[in-house]
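Peer 1: with the sequence up front, the predicted model follows.
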Amino acid sequence: MHERTQLLQRIAQERGGLVSRADMAAEHDVRSFDDRAQAISERNDEFAMNEHETAELGDIEAALERIDASTYGQCTDCGVRIPSARLNAYPTAKRCIDCQTLKEQHR
């Protein structure tokens, strides 16, 4: 919950408040910048950060759901217990190392 709260605060601070993607895009209308390349670069950077933060928030919400379902710390693929060291390093981990490695190799 603490990580979720911090992430939401960081998103609000970076956007200057809770604004939608459409509002954020309108703020960076490339026609309003003198340097079109700079405007496009800034907009793309902000969208990439937004996508990352949205994914991170989704991971936190999924971990909270696993806590509620009493399945937190259990690999969603094979069912084995995820080691505490992994959960301490990556609290939203949903897979054990073996299953995560396999997933990344097939990606």
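Peer 2: That came through fine.

Peer 1: mind saving the C-alpha coords of the helix or strand hosting residue 104 as CSV?
Peer 2: Secondary structure assignment for residue 104, by DSSP states H and E: helix 97-106. Presented in CSV, the C-alpha positions along helix 97-106 are these (Å, rounded to 0.1, in the frame of the first residue of the first chain):
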residue,chain,number,x,y,z
ILE,A,97,12.9,-17.1,-10.7
ASP,A,98,12.6,-20.2,-12.9
CYS,A,99,9.2,-19.3,-14.3
GLN,A,100,10.2,-15.6,-14.8
THR,A,101,13.4,-16.7,-16.6
LEU,A,102,11.4,-19.0,-18.8
LYS,A,103,8.9,-16.2,-19.5
GLU,A,104,11.6,-13.8,-20.5
GLN,A,105,13.3,-16.3,-22.7
HIS,A,106,10.1,-16.9,-24.7
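
Peer 1: can you tell me what sits against that helix?
Peer 2: 75, 77-78, 83, 86, 93, 95 (Cβ atoms under 8 Å, 6 or more residues apart in numbering). For every residue, glycine as well, the C-beta is placed using N, CA and C.

Peer 1: confirm for me that residue 81 is in contact with residue 74.
Peer 2: Yes. With the criterion set as Cβ atoms under 8 Å, residue 81 and residue 74 qualify as a contacting pair; they are 6.2 Å apart.
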